[in-house]
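**Student:** Sequence first, predicted model second:
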Amino acid sequence: MEWQWDVLPQFAFNGLREGAVFAAVALALVLIFKATTLINFATGELAMLGAFLMYILNVEQGMWLWLSIVLAMLISAGIGAAVERALVRPFDPDDHLPVVLITLGLFLIVNAVAGDIWDYQLRPVNEPFGTFPSWAPSSQELKEVADGSISCVKVSSGNFVEATAGAADATTCELAGRTYWTILNANVDYRTLGTWVTLAVALAALFMVLGRTKAGLAFRAVSSSAESARLVGVNTGRTLGFGWALASVFGTLGAALVAPSLNGVNPNMMQFILIYALAGAALGGLDSLGGAIIGGIVVGLIKGVVVSWFFVQVMGWAFFSILQLATAFMLILVVLLFRPSGLFGTRRIERV
Amino acid sequence: MSSPLIVVSKGDRQHRQWNTLYWGYAIALAILVPLVLQPFQIGRMNRAIVMIVAVLAVNLVVGFNGMLALGHSAFMGIGAFVTASMVQDESWDYWMIIPLVLVLGFAVGVVVGLPALRVKGLYLALVTIAQAAVFPTLVNIDELGIAERTGGPNGKKVEEEVDRQVDSLSGYFEFLPGVDGARGADAYRYWIILFITAIVVLLVRNIMRSRAGRAVLAIRDNEAGAAVYGVNLPMYKTLNFALSASLGSLAGLLWCLDKGFVAGQDFTFLLAIELIIGLVIGGVGTLQGSVLGGLFVVWVRDLTKRISIPMGFYTLDGDGPLSNAIFGLILILFTFFAPGGIASMVTAVQKRIIQVVPLTPAGDPITPLERLDPGPSSTRSAWALRLAVIGPVLLVIGWVLMNVDNLIVGVFAFLLRFAIVVLAPIVVLVAMNERLGARAGLRGENAAAVTSRATLAGVIGVLSFAYVKTFALNLALRAHHVTHLAREAVVTDGGRERPVVPLVSEAAKYKDFKGTPGEFCSSGPGGEFNDWSVDELCGISSEAIEASETPVGWWLIAWPTQSLLALVLSLASIAVTLLVGFRYFVFSNSNLEPAKAETSEREDATA
Amino acid sequence: MTEMMLKVEDLHARYGAVEVLRGLGFEVPDRSVVVILGANGAGKTTTLRALCNMCTTSGSILLEGEDISRAKTADIVRRGVAHVPQGRGTFPELSVMDNLRIGAYIRRDKEVNADIGRWFEIFPRLEERRDQLAGSLSGGEQQMLAVARALMCRPRLLLLDEPSLGLAPLIIEDLFERFIQLNKETGLTMLLVEQNANLALDMADYAYVIESGEIALHGPADQLKNDPAVQEAYLGA
């Protein structure tokens, strides 16, 4: 066993980037759980739909990438609110079974229809952060790369899909080599930084909306006590729709941010991510927004550091790379065993 | 039909008659399956019965205990892989593996269930959905010999020579319907799977009636209440979940027995959702629901795969990803409009036909049956007659609709054609019951006559239907042997693939031939068969043909005279029905309806 | 004749198969305090819930002459009916300030903060705890918060469901004094449901007694207070 401390920061950064995506999806889960005390198993598929909207607008229609992401988020918000209105509101929120069945049905339909329209193939998307204007390599550098006196490293795309180790020619170097900074001996590429910054901005916006606006106040009131909220004149139905819309926004954002790391969009892209996000939400507490964020990031770190670094790199157990998803499952079990309300969950957990 | 057609007290003679009818149908259906269906259809039926066990396992948790379990695909997977590995690698017999998978499933169920079931809420759903997603990745681990035993990404096949126990044993069970040379292993597997499933269903039924079962139900209905009465909630919930997990593993064993091949991609989250869909569509929380649901998922999936609706530039194709979308839509529609599933619809219909009055501890009906009797104003005979007329009418409509070349219409027509089998015995039962009433002087003057006509129509209807079906079965059976030849041929020839589905119609050309396959080849009519010449066919599969000495349709006495009798009887029954119906609707309608004054008088009396 | 704030006729309400209210009728004049008395299970709480359309009802409910029996709960609130439900109806996971702000949810004017200041003057304990979560307040404070929260929507009719439940006698008296003060100062109409008949009759102008979903007795409060039957049943005399 050899402690490979030098590569640890790299794994940690990758884990944090993935964790940011898990956090976004976990947030979508928690927003809906707070609104309707329901786990929406179609969260991942709705997010996938949002990513495809982005793909259509950007790749097929040629719209500016960020505009298409924002538009996709807005359209997803509409879809989320419509789903709540049409499929969830008719049911008694205290009876979980029908609503969960609805979300399962939705899962099947969205996945299958997307698969029918776009096939189950990867469709490459544009990199939201890598296209930023970068320093052009100097002719001196290109020459040095060509004769091998400086090495040219292609940035790993993270652990979703291992990047193929391409030939270190000048072109790859220009494209990949210039889009990262090195911190603590680890390559922090634009994608990682961009994912963090985007998520941070989105979170700031979310907490502004929830904390400062009337609709946000109404949402918090409804999730605290729906009946009391009705008694102060809050239209609970519309507020729940608002919660679903917010959730869809975050799901879509997560899917749009993760798509380049998966080498593109595809109808099954969110299925594993949903499980990680569920683990994150359970870890943070199903009704805690802050908990979802921290939980998601912790799950990313566990995946990156504990599994990919410690077990695979340090211990040399290669089969643990298969066990990544199983780790999320184990995490849920451990959380339920020792702290069923999660780290930050406030709802009283009823022991039975 | 506001009041039920028959009112019986629990356990009395008519109730027993009704139950006999019920079970008669179930048994007849079970026997007909291996006889009538083609081998690949028997295989599908086996799959459906396996799904019954799996859906029942899910029902134990979701339906009877009110907890959400979405990961039974993993338990099935565990059972299937363990079975495949033990049979293939260790040469165990299937029956030796049964206790192993039961114990293993139970243990995994405790490990997964205990943490989640200690707390209230959706946590079991959370854990089990993760479990369903994780399981297919686990079979690929190449440490500890796991991938070796599971076959990894390629899946694990139970080789034919290892699996010979099924084929060799089937020789001892030739007395079972369908287990003849032709259908052999498929039908034999059918009986094994059906037998185990029946035991499982009975077991679950008895458990639910036991003390533990009542505790489980009490938890579903009122958790706090159950806790107050001293039910140990986590223990009962976990035991119930673990039992469900072990039944899920048993379903996995049966899956392996049926299919002979297991692969990780068969046991994904999609299978778990499929089980839930089966449960919901069959009916949550009822045994009948699980049975219906298991049959539903397999056969309706089969149906949706054959949907192909051209819509201009786009063809709606059910045999692609969209078959899942159709399932999802069905799930949502049922959740909205029929949350009780098919079982509750069946119950609703049954309630209009028969009312079973429960007994007091002393053994008397809780409500005296006389009080439930409608008396002289009874319209039951009229209804019986109406049903007797409806049956053949539906049969004719079904025949007409059969000619429409559309899958959905075809299925609908199929159901219409069989409606008479259900309606006619009900007519007979109701009519017999009404005759008792008339004898006791409780009915009006015309009732007796109507009753006899209804009985007659019902009896003739069902008899003639049976004869017509017998006739059709003769054709199908004889066709079947030829189909079997073709199937053997495909297997032997390997490379040359032929469509199997239209073989019946092809084989119908040889319907006049009676004899063994060997005689078919040596002295048969010759000619073309699905692009094969008969000689070619017989040449390729000569071994199988010589081995099969079973004559065509051995279990039926299939003579033309009998077919002729069937034809005459069915024509007669239609004629009688039409005559009776004509009389009933045109001439004697007023005789059947009770006088208005009489009714109101009666109401006054009760008031 | 005084104008009627609320006029209820032939009100029926049911939970599933159980009929709880059986043809209730009563009136609440403008600027008055009316109390409904009754034993446990008589249907007092259901009456208030029915007014806000929170259970299945039939009959007519006229708020200032307009029928509101079919209106949605939120719309009824918008018409000036505030309801302090049994068990307080605060939002335990929101801070005191947020509870008051959500109380003003239906208002669009700029005076919300001024109003909050006003209620803080009346209930100074709330101001001390303005940033605390409502769930962490004591019972009396929560009741004050619930009342203040209800008043934030500037109602014309306040429905109070057993405000004295679970509170110490001293706090109850204090609370009821404030109710009287409110009624006198702002002319707020109140419909109060109580088990504590003594206090309620002291405060009210008119009283109804309901028994198993029907009006058994009614009359001016001081008259009922001297009624021997009422004394025996509710005042423990």
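**Tutor:** Here it is on my side, so go on.
**Student:** Where does the residue of chain A found nearest chain B fall, secondary structure wise?
**Tutor:** When scored by Cβ to the nearest Cβ, chain A has A:Leu108 as its residue closest to chain B, at 3.1 Å. No exception for glycine: its C-beta is placed from N, CA and C like everyone else's. Counting by DSSP states H and E, the element that carries A:Leu108 is helix A:96-118.
**Student:** tell me which residues of that helix are tucked away?
**Tutor:** With burial defined by 16 or more other Cβ atoms under 10 Å in any protein chain shown, the residues of helix A:96-118 counted as buried are A:96-116, A:118.
**Student:** in chain C, which helix has the most residues?
**Tutor:** helix C:169-186 (DSSP state H).
**Student:** which helices and strands sit right next to that helix?
**Tutor:** Using 3 or more Cβ pairs under 8 Å, 6 or more residues apart in numbering or on different chains; DSSP states H and E as the contact definition, the elements that helix C:169-186 packs against are strand C:33-38, helix C:139-151, strand C:189-194, helix C:197-203.
**Student:** re the thing from before, so the residue of chain A closest to chain B touches B:Ile330, yeah?
**Tutor:** No. Look at A:Leu108 against B:Ile330 with Cβ atoms under 8 Å: they stay out of range, at 9.5 Å.
**Student:** Leaving out sequence neighbours, find the closest residue to the residue of chain A closest to chain B.
**Tutor:** For A:Leu108, the nearest residue in space outside its immediate sequence neighbours is B:Gly328; the separation is 3.1 Å by Cβ to Cβ, 6 or more residues apart in numbering or on different chains.
**Student:** tell me the SS of that neighbour?
**Tutor:** Each residue gets one of three states, and B:Gly328 gets helix by DSSP: H, G, I helix; E, B strand; the rest coil.
**Student:** To what extent is it buried, counted in neighbours?
**Tutor:** 25 (other Cβ atoms under 10 Å in any protein chain shown).
**Student:** measure it to A:Pro90 for me?
**Tutor:** With distances defined as Cβ to Cβ, to the nearest Å, the gap from B:Gly328 to A:Pro90 amounts to 17 Å.
**Student:** what's the answer for B:Gly151, then?
**Tutor:** B:Gly151 is 46 Å from A:Pro90, where distance means Cβ to Cβ.
**Student:** Buried ones in the longest helix of chain C, by neighbour count?
**Tutor:** Burial within helix C:169-186, assessed by neighbour count using 16+ other Cβ under 10 Å, is assigned to C:171-172, C:175-176, C:179, C:182-183.
**Student:** now the residues you listed as a markdown table including distance to A:Trp3 and pLDDT?
**Tutor:** Compiled in a markdown table, those are given as follows (distance: Cβ to Cβ, whole Å; pLDDT from 0 to 100):
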| residue | distance to A:Trp3 | pLDDT |
| --- | --- | --- |
| C:Ile171 | 64 | 79 |
| C:Ile172 | 68 | 82 |
| C:Leu175 | 66 | 81 |
| C:Phe176 | 72 | 84 |
| C:Phe179 | 71 | 83 |
| C:Leu182 | 71 | 82 |
| C:Asn183 | 76 | 84 |
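**Student:** how many other residues sit next to B:Gly230?
**Tutor:** Taking other Cβ under 10 Å as the neighbour definition, B:Gly230 ends up with a count of 7.
**Student:** what helix or strand is it on?
**Tutor:** Using DSSP H and E, no element contains B:Gly230; it sits outside every helix and strand.
**Student:** List phi and psi for it.
**Tutor:** For B:Gly230, the backbone dihedrals (degrees, to the nearest 10) come out as phi 90, psi 20.
**Student:** Quickly note the distance from it to B:Ile78.
**Tutor:** From B:Gly230 to B:Ile78 the distance is 34 Å (Cβ to Cβ).
**Student:** In contact with whichever residue of chain C sits closest to chain B: list those residues for me.
**Tutor:** Taking Cβ to the nearest Cβ as the measure, chain C has C:Gly16 as its residue closest to chain B, at 15.0 Å. The neighbours of C:Gly16, taking Cβ atoms under 8 Å, 6 or more residues apart in numbering or on different chains as the test, come to nothing; the list is empty.
**Student:** Torsion angles phi and psi at it?
**Tutor:** According to degrees, to the nearest 10, C:Gly16 has phi 60, psi -120.
**Student:** how much space is there between it and A:Leu49?
**Tutor:** Relative to A:Leu49, C:Gly16 is positioned 40 Å away (criterion: Cβ to Cβ).
**Student:** what's the residue lying closest to A:Trp196 once chain neighbours are set aside in contact with, if anything?
**Tutor:** The shortest distance from A:Trp196 to any non-neighbouring residue, by Cβ to Cβ, 6+ apart, is to A:Ala20 (5.7 Å). Taking Cβ under 8 Å, 6+ apart as the definition of contact, the neighbours of A:Ala20 are A:195-196, A:199, A:257, A:296-297, A:300.
**Student:** which SS class is A:Ala20?
**Tutor:** A:Ala20, by the three-state scheme (three-state DSSP), is helix.
**Student:** Now do it, the pLDDT please.
**Tutor:** The model reports A:Ala20 with a pLDDT of 89.
**Student:** Number of residues surrounding C:Gly140?
**Tutor:** Using other Cβ under 10 Å, C:Gly140 has 18 neighbouring residues.
**Student:** leaving aside the residues next to it on the chain, what's closest to it?
**Tutor:** Nearest residue to C:Gly140 in three dimensions, chain neighbours excluded: C:Ile171, at 4.2 Å (Cβ to Cβ, 6+ apart).
**Student:** thought the one you found was touching C:Ser138?
**Tutor:** No. Taking Cβ under 8 Å as the definition, C:Ile171 is not a contact partner of C:Ser138, at 9.1 Å.
**Student:** Please enumerate the strands of the stretch 151-300 of chain A.
**Tutor:** Here the stretch 151-300 of chain A has its strands, by DSSP state E, counting those that start in this stretch, at A:180-183, A:186-189.
**Student:** Show me the domain layout of the chain.
**Tutor:** Chain wasn't specified; assuming chain A. Using automatic domain parsing, the domains assigned to chain A come out as A:5-127+A:191-338, A:139-178.
**Student:** let's do chain C instead
**Tutor:** Annotated domains of chain C cover C:25-80+C:155-237, C:90-153 [automatic domain parsing].
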